[in-house]
Structure formats: C-alpha cells, structure tokens
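> got a predicted structure plus its sequence, pasted below:
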Amino acid sequence: MKSKIQSVKGTRDFYPEQMAFRTWLYGKVREVSERFGYQEWEAPFLETLDLYAAKSGEELVKQQAFVFQDRGGDEITLRPELTPSLARLVAARQAQLGKPIRWWSFGPFWRYERPQKGRSREFFQWNIDLLGPDNPEADAEMAAIGATFFRAVGLEAGEVKIQVNNRKLLERKVEELGVRGEVAAVFKLIDKRDKMSAEAWEGYATETVGLSAEQLSGLKDILSNRELWRESESLVRFFENVKALGVAEYIEYEPTIVRGLDYYTGTVFEARDRDGEFRAILGGGRYDNLVDAVGGDPLPATGFAMGDMVISLVIEKYGKKPALAVSPTQVLVTLFDEKGAADALGLARDLRAAGLNTEIYPQAAKLDRQLKYADGKGIRLVAILGPEEAAAGAVSLKDLAARSQRRVPRAEIAEEIRRSLDSGRGS
RNA sequence: GUGCCUGUAGCUCAAUGGCAGAGCGCUGGACUGUGGAUCCAGUUGUUGUGGGUUCGAGACCCAUCAGGCACCCCA
C-alpha cells in the first residue's frame, strides 16, 4: 500500500453522506432564520489580527487563533468567531444601514485547540444577530429563535434547554457582597463551579479570588437562588416575552450562567441537552459595546452562535437524524449492450430535458447488476430500455420501492416518471 | 499548552512474548432480462509511523503522528 497523505489535524472530511447532513442542517438554519425575517450575509474567512486584539476573550485570540504572516509581513487570522467581523461590517456602513439589523450566517471557523468530542479545529457555525434595540424583547427574540430551531430539528423541551442569566444583575449582586473591582475574577469563579469539587471550588474562592467566608456564603446564596431573576426588570420582561413567543418550555433561569467571552454586557444564555452530556449547544447574549469598540457609533446588539458539532451529536443521541437521500438521481436508465447505447443516451437526454435527474448505467451489464446498483444507491426508479422495449417503441418503468413495473410508450415516459415520483412522495 | 487512555482488514473487534484471525462489508456465482432475503465460493494486512530490547514483538521500552477523555477555553 502506498503511503497516504494525512488530513490536517482537527479537520473533517465530508463524504456525500456527511455532506447531505451538513446541507440539511444548513437548510434548517436557513428556514428558522428566515422565519424570523433575518437576512443571510457572510464575512471573509481571513481577517487582520487587529480586529480581534481588543475584543474577544484574550485567550481565544492569543492561544486559539490560527495566525500567520502573509507575504507582505502582515498578521492574518483565520477567523475564530464572527462577531468582530459583524461589528466591523456594521461600523463601516453604519449610517446607511437601516435599523434594526437582522442578519444570519453559516460558515467555517478555525480554532487551534486540542480536538475532542464536539470540538475540532475547523467547524461550522450558525451566527444570528439583532442590532439596534437594547430591550428585553430583542433578547427574547434571540432565545425564541434558538428554541424554534430545536423544534425544527425535532428536539423537544424535555431533551434540550436554554439557560439564561443577566450579567448586570449578577454584577450588582456580587458588588452588594462588598467585592470591588474584582467582578471579572468572581465571574470566572462562577463559571468554574460545575467543573470543580465543592471543596476545591471553595478553596479557589477564598485563596485565589480572596473572598471572605461571609462573601463566599453570600455568593453561594446567589448561585442557588433560582428566583433571583425577579430582581431584574430586564429578565422579568424577558420571561414574559418568551412566554408570549410560545417557547417558555425550553427556557429557564440559571444563576450560574455567565459566558466566557469578555464582550457580553447584559442578558446571556446557553443551550444544553437536559442530561448535561455534552458541552454547550449554542451560546450568546447581549454585547452593547462592540460596534463602537471597532470604530463605529455605539449600537446595542444581541445574538448567538451555534457550532455544528455538538448539535449534531445531540440530534443523533435523541434519534432525530433524518434519513437523507444521498443520491440526487431520480431515475436510472439501463444499458443492455453497445447497440442500444445511442438509444439509452437519447432517452437520458430526453428525461433531463424534462427536468428529471437522470443517471445512465455507464456500461453494458446484466440487468440484476444494474438493479442492485440502483438499489444500493437509493435510486427508486429504473427506466429499462432493452431490445424488447426498443422494438416496441416503449420503456419499462420499474419502481423499486413499490416493487412494481409497467411498460410505457416511449413518448409518455417522462410524464409517467413524474407521476410516480409524486405518488411516492408521501410514503 | 498540561495530564491520562487508545491505535490490528473498508468497518467493529480477537490473538498468554511463539504460524495475524472472526463477524460484517466487498467481489463473483446459484439467477444468460429483474433489486434488498438466503445459500455457496472468493477477497481483504509494511498490526499508525520510526527506532530499541529479545532467539523471536501486534504485545515490552523510547520517540513521533492520529483519535478519545479530563484540564484550559469554548460552538
């Protein structure tokens, strides 16, 4: 065996079967995005390092971005996320863009990380953002879009949930504990809670973050108070809106959600499967300062991102993966011998002209071979054109799914195929 | 970037330091113009890669690459 060139670490190959699923997922993303009136857009895959320098979490850029020098010596980054690009595009044409801006996008991103389940170095991500309004109605719309997507792919509220919190509320509560200027450290502490043992976490809280016993106890009260949202006018309205939008069953308050990225400013959320088996399915929130941070005028914004890997695992786990037709072929034209080749090619041409996806068996072969091929590839209809049919000016149309066959005059074959496809659609 | 686990046929996996195997798949036939089932036959390897120990290595040791898990971070 010859030595094979390996693929780049952390990348995935999309054979037709995987590509069909990716396309299906993209279709669901499009369907839901457009249902809420969002426009599709796209940014370059390459951006300057400067774009990310001040904005994203420092770790994300410094340690996890693919950065290289171009031939002119400029620092170029393979985009690790989309939101800074969004802010850049919006800032560049801020005056002429009508508000609110409702945009969505689905494309590839790169992060230089250790690959593991639900995480690779090259992945696809759905981004959807609403810029303009700074009210809880906009936040609720985002959560509703996420929930509507789950419904669209068949995931029920008993299987996935969207957990919500508000950074301003949390910040206020933390400050009430008498923690000054160390809010970011406390947020990090909160984020770690599920990942450490209770003792280790408390040790980290008192020793590293420097909380007093009293403050720690107060913090624990905050994090276990599932009714805390009632103290935030913004969250109260958020939950009212979510109810009105018909997705309340998917959404719940979770005091430990803070999100990792530094640019979030208000309501934040992330979705998980109810068993907590996987990492977050999607994550997002309000980021009101980002547009002016890249040189635009201040513009409030909210949005979220969903990677393709975790959602795929969740869809698979709950048995919601659809049976997808991998071959686009609607009808296979048989080939018996070289003498009949011109006739078969002519039939294929006519069927294609009639708008049918038509494939011809590429060489003369026994009929059972050709039928096996069609069966294996999931092609339902086979147009059999052998010496007998040719002599009669007809074609035999076999429906592999219905196990039926009938002889049709050559002139009517395209119409007959169309009828068969329509009748088989429901079953 | 840190720690741990794993790597054998296309796939899933066996093989006490002693002849590299099974199931599935694939190919052909039973069936010269009729598919999924069944039966029969056949096919599949530089044991991830490179070194080392040993009379002898798929197994032990080192390195390296890839995958997985936990950190870190996050989609």
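Ah, there it is. Numbers count the residues shown, from 1 in each chain, chains lettered A, B, ... in the order given.
> mind checking how far the helix or strand hosting residue A:316 is from the chain centre?
Per DSSP states H and E, residue A:316 falls inside helix A:308-317. Centroid separation between helix A:308-317 and its chain, computed with C-alpha atoms, centre = their mean, to the nearest Å, is 10 Å.
> got the phi and psi for residue A:253?
Taking degrees, to the nearest 10, you get phi -80, psi 140 for the backbone angles of residue A:253.
> spatially, which residue comes closest to it, not counting chain neighbours?
Of all residues not flanking residue A:253 in the chain, residue A:229 sits nearest, at 4.4 Å (C-beta to C-beta, 6 or more residues apart in numbering). Where you see a C-beta, it was placed from the backbone N, CA and C, and this is true even at glycine.
> for RNA strand B, what's its nearest residue on the stretch 51-200 of chain A.
residue A:117 (2.3 Å; C-beta to the nearest atom of the strand).
> distance of the closest residue to residue A:337 other than its chain neighbours from residue A:257?
Leaving aside its sequence neighbours, residue A:337 sits nearest to residue A:364 (C-beta to C-beta, 6+ apart; 4.9 Å). Look at residue A:364 and residue A:257: by C-beta to C-beta, to the nearest Å, they are 65 Å apart.
> repeat that for residue A:107.
26 Å.
> residue A:364 and residue A:257 - which one has more neighbours?
residue A:257 (23 against 15; other C-beta atoms under 10 Å).
> and that one, that's in a strand?
No. Counting by DSSP: H, G, I helix; E, B strand; the rest coil, residue A:257 is not part of a strand but coil.
> got the contact list for the closest residue to it other than its chain neighbours?
Spatial nearest neighbour of residue A:257, chain neighbours left out: residue A:165 (4.1 Å); criterion: C-beta to C-beta, 6+ apart. Taking C-beta atoms under 8 Å, 6 or more residues apart in numbering, we find residue A:165 in contact with A:229, A:253, A:254, A:255, A:256, A:257, A:258, A:267, A:268, A:269.
> and these, which of them are buried?
Among the contacts of residue A:165, the ones that count as buried by 16 or more other C-beta atoms under 10 Å are A:229, A:253, A:254, A:255, A:257, A:258, A:267, A:268, A:269.
> make TSV from the residues you listed and add pLDDT to it.
Shown next, in TSV, are the buried ones among the contacts of residue A:165 (pLDDT from 0 to 100):
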residue	pLDDT
A:229	93
A:253	94
A:254	92
A:255	90
A:257	88
A:258	84
A:267	94
A:268	93
A:269	94
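> in the helix holding residue A:316, what counts as buried?
In terms of neighbour count (16+ other C-beta under 10 Å), helix A:308-317 has its buried residues at A:308, A:309, A:310, A:311, A:312, A:313, A:314, A:315.
> next: stretch A:152-163.
A:153, A:155, A:157, A:159, A:160, A:161, A:162, A:163.
> thinking again about what came up before, pLDDT of the helix or strand containing the residue nearest to residue A:257, averaged?
Assigned by DSSP H and E, residue A:165 belongs to strand A:160-166. Averaging pLDDT along strand A:160-166 yields 94.
> ok, stretch A:123-138 next?
Here stretch A:123-138 scores 95 as its mean pLDDT.
> ditto for stretch A:35-46
Mean pLDDT, computed over stretch A:35-46, is 96.
> for the residue nearest to residue A:253, list the residues it contacts.
With contact set as C-beta under 8 Å, 6+ apart, residue A:229 has these partners: A:164, A:165, A:166, A:169, A:235, A:236, A:239, A:253.
> quick check: phi and psi at it.
Torsion angles at residue A:229 (phi, psi; degrees, to the nearest 10) stand at phi -60, psi -20.
> what parts of the stretch 251-400 of chain A come near RNA strand B?
Counting by C-beta under 7 Å from any atom of the strand, the residues of the stretch 251-400 of chain A close to RNA strand B are A:259-261, A:270, A:279-283, A:305-307, A:309-310, A:336, A:366-369, A:371-372, A:375-376, A:384, A:386-389, A:396, A:398, A:400.
> nearest to RNA strand B: which residue in chain A?
The nearest approach of chain A to RNA strand B comes at residue A:260, 1.9 Å away (C-beta to the nearest atom of the strand).
> point out where chain A drops to low pLDDT.
A:1-5, A:54-62, A:180-181, A:424-427 (pLDDT under 70).
> longest helix in chain A, please.
helix A:16-35 (DSSP state H).
> off-centre distance for whichever helix or strand comes after that helix?
With elements assigned by DSSP H and E, the helix or strand that comes after helix A:16-35 is strand A:39-40. Centroid separation for strand A:39-40 versus its chain: 15 Å, with C-alpha atoms, centre = their mean.
> got the contact list for strand A:39-40?
Applying C-beta under 8 Å, 6+ apart, the set of residues contacting strand A:39-40 from outside is A:30, A:33, A:102, A:103, A:104, A:105, A:106.
> again, only this time at 10 Å
Residues from elsewhere that reach strand A:39-40 (C-beta atoms under 10 Å, 6 or more residues apart in numbering): A:29, A:30, A:33, A:34, A:101, A:102, A:103, A:104, A:105, A:106, A:128.
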